[in-house]
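[1] starting from these lines, generate the structure:
(one chain, ligands or ions: 2)
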Amino acid sequence: MSELRDFVADLMERHGAAVEMLEGDRLQVLASLPLQAALGWPELAQLSFGSKPSEHAIPIDLEGDWLDRFGSLFRENGRWAERQLTWTDAPQALCDPERLLDRALDLPNAVWRFQGVRATFARCLILAFRYSALSDEKREGLVWIGFNLSTGAVLDEVVARMRPLLAREQWRAPDHAARPGAGGCEPAALETHIRALLDHQIRLELEPFLRATRRRLERDRNRVHEYHADLHDASMKRLAALAGTEGEKSQADRRREQLRVVAIEREYQAKLDDLRHHHAIRVVVEWVQTLELYVPVQRFYVIIRRRKGERQIPLDWHPSVRLMEPPPCDWGLGIDRIRLVCDEKLHLTEPAGQAPCQSCTKPWCRACHPGRCPRCGTPATRNSGIASRQTPSN
Ligand SMILES: [Zn+2]
Ligand SMILES: [Zn+2]
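    Ligands and ions are numbered 1, 2, ... in the order given. Purely as a prediction, here's the structure:
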């Protein structure tokens, strides 16, 4: 619990309290009036963080509402931050740039040529989101979305590897030399791309939870079905037995049995509705934090050739995590490395971005024509708004 204790000590000092560390995972806090009011403590409070609560000390742990109360002290602070990553090791010499590119680029319908590489800084965005999924059970978690605004690449694996490094490294504000010149994604295109990535990531995270919920729904549905099928069968048998009989009593019995069958069917439908309601999943996603990060990179320039056209793209190798980012993507999520190149404007898209039209079977570029097939006008079946047009900087 010493991490929590250090966090609380730091937070209290930032809010003007005098803090003294005591033995046995305890803190003594001399709190200001606003702090006393926000946390419900006396002026001189003793806090305990250990597994054995001591007398006269307020026990603080991760349960209960302590984190919410501490969180209220932050208000909107810490939502946005910028920092520069420095790594003390000398830049890694790249002895075989073409081999690195060979592993990073997968262009089934185009060729590429290495043009040059230089050391520079990349301006990256790392966004953190919290999600909670609620049905008959609850799942919560955090997801991170990363972009290289200088090249337009999605930093999925790069961010995953960089996060522990960020936690370890000393915080440093970006200096002037690290800030690259103008350039970056259009805000609207970036927002659309973030939404698509977030949706994809949260679906991945929740997949086991969804599967388990579906399994429970299936199990409960089978049980409800079995129970009502037995009741229904029994009624039908009784009706069959009454079929050949005559007289008032038989008629009344038949009528009663028919009403029972209707009631069983109604109850079965109501039970199914209950189950659907009970197992429905509600997912809430909330933005937590944006980090603008300036990182040293080796920027590769590559010429992409398709038929008679050619286009230059930048690709950053991140020495801090020894990883090449995926190529930029004009249509699609851009997480994988495979890109098809279009004939018209040499857009780089995921393979689905050049797929044949479902109606006229002619392939078409979703980045050139986002809404519908240019030949026959059939609307695109998948969300094609995830284009990230961008102006590469320097
Ligand atoms: Zn195109
Ligand atoms: Zn078509």
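[2] show me where this structure has its helices.
    2-14, 33-39, 66-74, 97-104, 156-168, 187-242, 248-279 (DSSP state H).
[3] hey, least reliable of those helices by pLDDT?
    In terms of mean pLDDT, the lowest-scoring of the helices of the chain is helix 66-74 (a mean of 86).
[4] quick revisit: quick one, which of the helices of the chain gets closest to ligand 1.
    Proximity to ligand 1, assessed across the helices of the chain by C-beta to the ion, is greatest for helix 187-242 (14.8 Å). (Glycine included, C-beta is placed from N, CA and C.)
[5] next, the angle from that closest one to helix 156-168.
    Relative orientation of helix 187-242 versus helix 156-168 (axes from the mean of the first three to the mean of the last three C-alpha atoms, to 10 degrees): 110 degrees.
[6] tell me what helix 187-242 is packed against?
    Contact here means 3 or more C-beta pairs under 8 Å, 6 or more residues apart in numbering; DSSP states H and E; on that basis helix 187-242 packs against strand 111-134, strand 138-148, helix 248-279, strand 282-306.
[7] at 6 Å what do you get?
    With contacts taken as 3 or more C-beta pairs under 6 Å, 6 or more residues apart in numbering; DSSP states H and E, helix 187-242 sits against strand 111-134, strand 138-148, helix 248-279.
[8] may I see those arranged in CSV, with mean neighbour count and distance to ligand 2 as well?
    Converted to CSV, those look like this (neighbours: other C-beta atoms under 10 Å; distance: least, C-beta to the ion, whole Å):
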stretch, mean neighbour count, distance to ligand 2
strand 111-134, 17, 28
strand 138-148, 18, 32
helix 248-279, 13, 38
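[9] coming back round to it: including distance to ligand 1, could the helices of the chain go into JSON lines?
    Shown next, in JSON lines, are the helices of the chain (distance: least, C-beta to the ion, whole Å):
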{"stretch": "helix 2-14", "distance to ligand 1": "50"}
{"stretch": "helix 33-39", "distance to ligand 1": "55"}
{"stretch": "helix 66-74", "distance to ligand 1": "45"}
{"stretch": "helix 97-104", "distance to ligand 1": "22"}
{"stretch": "helix 156-168", "distance to ligand 1": "23"}
{"stretch": "helix 187-242", "distance to ligand 1": "15"}
{"stretch": "helix 248-279", "distance to ligand 1": "43"}
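[10] how many neighbours does the closest residue to ligand 2 within the stretch 51-200 of the chain have?
    Minimum separation of the stretch 51-200 of the chain from ligand 2 (C-beta to the ion) falls at Asn109, amounting to 19.4 Å. Asn109 has 13 neighbours, counted by other C-beta atoms under 10 Å.
[11] need the helices of the chain in a markdown table (columns: distance to Gly371).
    As requested, those are exported to a markdown table (distance: least, C-beta to C-beta, whole Å):
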| stretch | distance to Gly371 |
| --- | --- |
| helix 2-14 | 50 |
| helix 33-39 | 52 |
| helix 66-74 | 43 |
| helix 97-104 | 31 |
| helix 156-168 | 28 |
| helix 187-242 | 14 |
| helix 248-279 | 34 |
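[12] out of those helices, which gets nearest to Leu85?
    Of all the helices of the chain, helix 156-168 sits nearest to Leu85, with 7.1 Å by C-beta to C-beta.
[13] quick one, that closest one and strand 111-134 angle?
    Helix 156-168 and strand 111-134 are oriented at 70 degrees to each other (the same axes, to 10 degrees).
[14] so which bits of helix 156-168 are buried?
    Neighbour-count burial for helix 156-168 flags Asp156, Glu157, Val158, Val159, Met162, Leu166 (criterion: 16 or more other C-beta atoms under 10 Å).
[15] can you check stretch 201-217 too?
    Buried residues in stretch 201-217, counted by 16+ other C-beta under 10 Å: Gln201, Ile202, Glu205, Leu206, Phe209, Leu210, Thr213, Arg216, Leu217.
[16] which one among those residues gets closest to ligand 2?
    Checking the buried residues of stretch 201-217 against ligand 2 with C-beta to the ion, the nearest one is Gln201 at 31.6 Å.
[17] surely the closest one is in contact with Trp144?
    No: counting by C-beta atoms under 6 Å, Gln201 does not reach Trp144; the two are 8.3 Å apart.
[18] verify the stated contact: Glu140 with Ala133.
    No: using C-beta under 6 Å, Glu140 makes no contact with Ala133, being 7.7 Å away.
[19] any idea how the protein splits into domains?
    The record's domain split for the chain, according to automatic domain parsing, is 2-77, 215-267.
[20] in TSV: these, plus distance to Arg366.
    Below are these laid out as TSV (distance: least, C-beta to C-beta, whole Å):
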stretch	distance to Arg366
domain 2-77	38
domain 215-267	35
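[21] out of those, which is closest to Phe114?
    Closest of the domains of the chain to Phe114 is domain 2-77, at 45.1 Å (criterion: C-beta to C-beta).
[22] near ligand 2, which residues of this structure are found?
    The chain has residues Cys357, Ser359, Cys360, Cys373, Arg375, Cys376, Thr378 near ligand 2, with proximity defined as C-beta under 5 Å from the ion.
[23] give me the neighbour count for Arg238.
    15.
[24] wait, doesn't it sit right on Arg256?
    No: the pair Arg238 and Arg256 fails to qualify as a contact (C-beta under 6 Å) at a distance of 9.4 Å.
[25] could I get the helices and strands packed on helix 187-242 in a markdown table, plus columns for distance to His228?
    Shown next, in a markdown table, are the helices and strands packed on helix 187-242 (distance: least, C-beta to C-beta, whole Å):
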| stretch | distance to His228 |
| --- | --- |
| strand 111-134 | 28 |
| strand 138-148 | 30 |
| helix 248-279 | 4 |
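[26] and Asp25, which of those is closest to it?
    Nearest to Asp25 among the helices and strands packed on helix 187-242 is strand 138-148 (26.7 Å), distances taken as C-beta to C-beta.
[27] who does the closest one touch, helix- and strand-wise?
    Judged by 3+ C-beta pairs under 6 Å, 6+ apart, the packing partners of strand 138-148 are strand 111-134, helix 187-242.
[28] partners of that strand, with directions?
    Here strand 138-148 is paired, per DSSP bridges, with strand 111-134 (antiparallel), strand 153-154 (antiparallel).
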